[in-house]
Structure formats: structure tokens, C-alpha cells
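Chemist: could you look at this predicted model? Sequence included:
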2 protein chains.
Amino acid sequence: MEVRIAVSKTNKYASSSSGDTVEVVERPNGGVSVVMADGQSSGRGAKYISTLVVRKVITLLAEGVRDGAAARAASDSLFTERKGKVSSTLNILSVDIQTNTLVITRNNPSPVLIAYHEDIQVLDEPSLPVGIYRDTRPLICEVPLEAGLTLVMYTDGLVHAGSRIGQTMDVRTVFQSMLDSEDPSPQLISDALLDHAMKLDQGRPADDITIAVLRVASHTGDSIRRMMIRLPLDKPFLV
Amino acid sequence: MEVRIAVSKTNKYASSSSGDTVEVVERPNGGVSVVMADGQSSGRGAKYISTLVVRKVITLLAEGVRDGAAARAASDSLFTERKGKVSSTLNILSVDIQTNTLVITRNNPSPVLIAYHEDIQVLDEPSLPVGIYRDTRPLICEVPLEAGLTLVMYTDGLVHAGSRIGQTMDVRTVFQSMLDSEDPSPQLISDALLDHAMKLDQGRPADDITIAVLRVASHTGDSIRRMMIRLPLDKPFLV
């Protein structure tokens, strides 16, 4: 088996800084975690908040702290620093090699979509962002890591795409159409979703958008672990 | 312009844990840093050390600490924890958007290769790993971020490839042959280097190998920032 992850990220139009932060880090006992946060409002202030939340989580994960406990700590920490006045969404997606599972931790009203082959399940139980209340708990879902599993998680910029022109982004339909095609790569799925959102926003995203797609493939070419990054440097899309 | 980074990583043959750690993180003021460490010896002990060093560095970078100061802090920290008995190599490669430069920080006897178009320059001034002496300083090199720039950095597993059969890996020649081909992607360069090493090691790497290749392209397709990860799950190449 091979786990493949794609992350795509764009800034709100004409904004030099994204309020979203996403990092992918090694887990101390094997596997990786994708940690994604969307700070309240936009620009530098939001970036500071989402960075704070993501840093807190990855520091704890590196120490072997469980995902749920790391999310709670990030919430308490933001609550303490900002006295409950600022919120951030938080998603943690972990490939846990020890348990051979995928652990999905959610402090985000936006759902996570998960599919076994072509059948999509929507994880949309009500979930609060971190930082507003004392003792906010995340929703945690753990599923076996098996070939044919595909997962999509995103910040709310994706669902709000099109709102400027009174249209709505149907994430599930775009995801389903991608799953119906021949073995789509996570990058292809992520790009299709972002492309759809950009069209609804007429090429000028109304909000920061971050999308992470994970797919478990049955085959593996070799035993090399790989990472690729593309970072466009032209303004106004710097960070 | 667009910065493209590829990281490839393999474990020592029949070893379930790599002593190398590499992470790519956002810089607080824009851009990214690639932080790579190779802990002394191999297996779990080495992994613990390289993780410790990388975590220390990325925590400090996240706080806005400069690369050189972060490397010195990581050295002092390891020296204090292990009383100078354990070493680790450390490389930091930073795309600094504020200064529009590439900052190369090296505490590693292995060189870093840097090319403007096809002309390779080897950064091989003597450099000590971190953790052995009090107050070890890194070598720092800063170059303008411009199209046509390609950089290769790696852990010593790459240069030691072939030693089992009395052969040596000529990194520069393989890199030069890749640069002479038509606009090679960083992934292609990284794969060519690793492939060459694997052949010299007859498919059974004598040491953990990590390679990071960065390339600055003049053109950029769109303004989307992307990351892709491939994580093979078949033993014995878990971490």
C-alpha cells in the first residue's frame, strides 16, 4: 500500500497573506499528520492565529501526544491567550502506522468527506472551532487504513466559493465525479475542487482556500518516501 | 517565478526506522524552510536524535529566529542533553521571501551543490555536525533567489553509496548530467541521484539516504501553492 497526500492552497484575492496554515509532519512512531487551521477573519491577524494553533499541535504530536489531546490543548491555549475572543478551525489527519488506521480529528463546522472506492460518507456532526470556549473537544473518527480509501478535508473558503454571485459550491458532487474517473490521483482531485471553486469565484477567491486530499493506493512503485512542493512567488499570492 | 522542492528518502536496507529526519515548514514571514538532520549511528537511537534536532530548529524558525541562531541553539541543546557524546548533521535550506534569497545553513561535512543554469558550485568548506562541541557554528551562504538556480543537499548515505563494493558515488557528475538535460524537475534530479546510489548499493542501501533538491523556475502555471506526499507503507521501509 501507499498513502498519497495532496495539499493545495490559495489566498483570498488581493490578499498577500493567507489566514490558513497547513503543515505535514512526521509522527514520532511512524506515519505522518496533516494539520490544518483557519484563523478567524483574514490577513496577518488570522495567519498569526492559525500558525499558533498549528504550531501547538505539531509540537505536541512530536512529543507523542495523541491527536485528540493535542487539539484540546491547542483550544485551551488559544482560549487562554485571547480570552475566548478569537477562534480558529482545526483539522488533524493522521496516518497512524502503529494502529494501521487513519485518524480524523475535527474542530471545524466544515465536513470531512471520506470514500471507500466510490461510496462517499460525510462526516458532518456539529463541531466547534477551537479557542472560543473552555474545554472544547474535537470530534474524532478512526478508520482502517486500506486501499481504495480517499479523504477530502478543507477550510471553509471552499464551501463559500460562489457566494458573491449567489451560487454554492457542491463539494460532494465534484468529489463524486472525480471518484468515478479512472484512479484519480489526490492532486487531480484537489485541483478539480479548487478549480471549481475558482470558477465560482470568477478567478478571484473570496476567501483563503486550503484543500487536503489523501488516497490509499494498493500498489506502490518503490520504497522511496517522497515530497514535492511548488511555491509560486509572484505577488499577491506570497504565503 | 516558482520555487519547486523535491525530497526523497529511503531507509538503510532491512532497517525499519531511518536515522534521518526531514521536515518542510512555513516561515512566519513567508517562504518555506527545509530542515534535514542525520543522527549519529542508525535505527531508533539515531531517529530520536535527528528528530530532536529538527524539532528544535523548526520551533525556533516558527518564532522568527534566524536560521544560524536556530542551528546554534540545536547544537547547544543536543550538547547539553547528551554531554557532547552524540552528534547529528544539520542542514537548513530557506526560501526567504522578505530578502528574496535562498539561505543555506550547513552543519554537515557533506557538501551542498548549487548551480546557476548548468554551472555547478560546490559548498564544501569544512563544517562540523552539531552536538559534539560547545558553541558549534554553522556555515551560512545566502544567494539571490533567481530563475535557473538549482540546489542539491543530502545526508551522507548518498556519498557512501557503493562503499560496500569499493565504488564511490559521484554526486556532481550525476547532477551535471541532469542539468544538461531539458529543464529537469527537482523530482527527476532527486530520483536520478537516488537511483544511482541504489544501483551502487545493489538495491540494498548501506545507510539511510535523504536528498532535497530545490529549483527556481522562471514561469509559474498558476498562483496555487501545492504539496504532494507519497508514503509507501510496506515493511521494512516504514518511517
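Modeler: Sure thing, it's come through.

Chemist: what segments of chain A are strands?
Modeler: A:2-10, A:20-26, A:32-39, A:88-96, A:101-107, A:112-116, A:119-123, A:139-144, A:149-154, A:209-217, A:225-232 (DSSP state E).

Chemist: neighbours of A:Val177, how many?
Modeler: Quick fix: residue A:177 is Ser, not Val. 13 (other Cβ atoms under 10 Å in any protein chain shown). (C-beta placed from N, C-alpha, C; glycine too.)

Chemist: wait, what's in contact with it?
Modeler: By Cβ atoms under 8 Å, 6 or more residues apart in numbering or on different chains, A:Ser177 lies in contact with A:Ala192.

Chemist: how about TSV for the strands of chain A, with mean neighbour count and mean pLDDT added?
Modeler: Formatted as TSV, the strands of chain A follow (neighbours: other Cβ atoms under 10 Å in any protein chain shown; pLDDT from 0 to 100):
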stretch	mean neighbour count	mean pLDDT
strand A:2-10	23	95
strand A:20-26	24	93
strand A:32-39	27	96
strand A:88-96	25	97
strand A:101-107	22	97
strand A:112-116	20	97
strand A:119-123	14	96
strand A:139-144	15	96
strand A:149-154	24	97
strand A:209-217	26	96
strand A:225-232	23	94
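
Chemist: possible to save those as a markdown table with distance to chain B?
Modeler: Rendered in a markdown table, the data for the strands of chain A read as follows (distance: least, Cβ to the nearest Cβ, whole Å):
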| stretch | distance to chain B |
| --- | --- |
| strand A:2-10 | 4 |
| strand A:20-26 | 6 |
| strand A:32-39 | 6 |
| strand A:88-96 | 7 |
| strand A:101-107 | 12 |
| strand A:112-116 | 17 |
| strand A:119-123 | 22 |
| strand A:139-144 | 12 |
| strand A:149-154 | 12 |
| strand A:209-217 | 8 |
| strand A:225-232 | 4 |
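
Chemist: can you tell which of those is closest to B:His117?
Modeler: Of all those, the one in closest proximity to B:His117, counting by Cβ to Cβ, is strand A:225-232 (20.4 Å).

Chemist: ok, the closest one: who's next to it in the sheet?
Modeler: strand B:2-10 (antiparallel), strand B:225-232 (antiparallel) (DSSP bridges).

Chemist: contact partners of it?
Modeler: The contact list for strand A:225-232, computed with Cβ under 8 Å, 6+ apart, reads A:24, B:1-10, B:22, B:24, B:31-32, B:95, B:186-187, B:220-232, B:237.

Chemist: at 7 Å instead, please
Modeler: Residues outside strand A:225-232 that contact it (Cβ atoms under 7 Å, 6 or more residues apart in numbering or on different chains): B:2-9, B:24, B:32, B:95, B:187, B:220, B:223, B:225-232.

Chemist: ok, stretch A:130-140 next?
Modeler: With contact meaning Cβ under 7 Å, 6+ apart, stretch A:130-140 is reached by A:53, A:67-68, A:71-72, A:74-75, A:78-79, A:82, A:84, A:86-88, A:90, A:103, A:105-107, A:125, A:127-128.

Chemist: quick check: A:Leu193 touching A:Thr210?
Modeler: No. With contact defined as Cβ atoms under 7 Å, A:Leu193 and A:Thr210 do not form a contacting pair (10.9 Å).

Chemist: now, of the contacts of stretch A:130-140, which are buried?
Modeler: Buried by 16 or more other Cβ atoms under 10 Å in any protein chain shown: A:53, A:67, A:71-72, A:74-75, A:78-79, A:82, A:86-88, A:90, A:103, A:105-107, A:127-128, out of those.

Chemist: gap between the closest residue to A:Val7 other than its chain neighbours and A:Lys85?
Modeler: Leaving out its chain neighbours, the residue that sits closest to A:Val7 by Cβ to Cβ, 6 or more residues apart in numbering or on different chains is B:Met227, at 4.3 Å. From B:Met227 across to A:Lys85, the span is 32 Å (Cβ to Cβ, to the nearest Å).

Chemist: can you check A:Gly221 too?
Modeler: 49 Å.

Chemist: and what of A:Val25?
Modeler: Distance, A:Val25 to A:Lys85, using Cβ to Cβ: 29 Å.

Chemist: before we move on, what about A:Ala74?
Modeler: On the measure of Cβ to Cβ, A:Ala74 and A:Lys85 end up 16 Å apart.

Chemist: can you pull the buried residues of the helix ranked longest in chain A?
Modeler: Using DSSP state H, we find that the single longest helix of chain A is helix A:43-62. For helix A:43-62, a neighbour-count test (16+ other Cβ under 10 Å) marks A:43, A:46-62 as buried.

Chemist: cool, stretch A:182-199 as well?
Modeler: Buried, per 16+ other Cβ under 10 Å, within stretch A:182-199: A:184, A:186-187, A:189-194, A:196-198.

Chemist: check stretch A:152-170 too.
Modeler: Result for stretch A:152-170 [16+ other Cβ under 10 Å]: buried residues A:152-162, A:169.

Chemist: in helices only, show me those residues.
Modeler: Those of the buried residues of stretch A:152-170 lying in helices (DSSP H): none at all.

Chemist: closest one of the residues you listed to A:Val112?
Modeler: A:Met153 (4.6 Å).

Chemist: leaving out chain neighbours, which residue sits closest to the closest one?
Modeler: That would be A:Val112: by Cβ to Cβ, 6+ apart, it lies 4.6 Å from A:Met153.

Chemist: I'd guessed the one you found sits against A:Leu123; true?
Modeler: Yes. Judged on Cβ under 7 Å, A:Val112 makes contact with A:Leu123 at a distance of 4.4 Å.

Chemist: wait, A:Gly184 touches A:Met178, no?
Modeler: One thing to correct before we go on: residue A:184 is Pro, not Gly. Yes. With contacts counted by Cβ under 7 Å, A:Pro184 reaches A:Met178, the gap being 4.9 Å.

Chemist: and the end-to-end length of stretch A:205-214?
Modeler: In stretch A:205-214, first residue to last residue: 23 Å (Cα to Cα, to the nearest Å).

Chemist: how far is that stretch from where the chain is centred?
Modeler: Distance of stretch A:205-214 from the chain centroid (Cα atoms, centre = their mean, to the nearest Å) equals 8 Å.
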